[in-house]
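Undergrad: sequence unavailable; structure follows:
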């Protein structure tokens, strides 16, 4: 766990709220394409998020996603890399997932707006 903390660039905001994540593209798991997953955030930063989902996401996979947070009416179109995924010890059938967000050069995303919203 300490290795993950040391790689963080931005300050985490402990924020638990409902989340809806729609998979637009998944490099390693095309079966997720078009699926909407419901879960919740654990913490959020300007460069990533830790979430709880009922579906495992393969580590090292790249996903393009649309994220809607319960307390924010805006949708964010983002691209990210799944750093890790592990069973949630406190919730059976759930997974904790760490995603590092990426800014894409040739694709329009909401990366800059996300960073501005969660930068501290």
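TA: Received it, and whenever you're ready, just let me know what you need. The shown structure was predicted, so the numbers you read here are calculated from the model rather than taken from an experiment.
Undergrad: pLDDT on the helix or strand containing residue 117, on average?
TA: Secondary structure from DSSP states H and E places residue 117 in helix 111-118. Throughout helix 111-118, pLDDT has a mean value of 91.
Undergrad: got a list of what the residue with the largest distance to the centre of the chain touches?
TA: Ranked by distance from the centre of the chain (Cα atoms, centre = their mean), the top residue is residue 106, with 20.7 Å. Neighbour list for residue 106: empty [criterion: Cβ atoms under 8 Å, 6 or more residues apart in numbering]. Where C-beta positions appear, they are placed from N, C-alpha and C, glycine not excepted.
Undergrad: just the pLDDT for the closest residue to residue 50 other than its chain neighbours.
TA: Nearest residue to residue 50, sequence neighbours excluded (Cβ to Cβ, 6 or more residues apart in numbering): residue 42, at 4.2 Å. Per-residue pLDDT puts residue 42 at 95.
Undergrad: can you list the strands that the helix or strand in which residue 42 is found pairs with?
TA: Using DSSP H and E, residue 42 sits within strand 36-45. Strands that pair with strand 36-45, judged by DSSP bridges, come out as strand 13-14 (antiparallel), strand 18-26 (antiparallel), strand 48-53 (antiparallel).
Undergrad: mind listing what's buried in it?
TA: 37, 39, 40, 41, 42, 43, 44, 45 (16 or more other Cβ atoms under 10 Å).
Undergrad: and the angle from it to helix 111-118?
TA: Note on geometry: by axes from the mean of the first three to the mean of the last three Cα atoms, to 10 degrees, strand 36-45 and helix 111-118 are set 60 degrees apart in direction.
Undergrad: I'm done for today, thanks for sticking with me.
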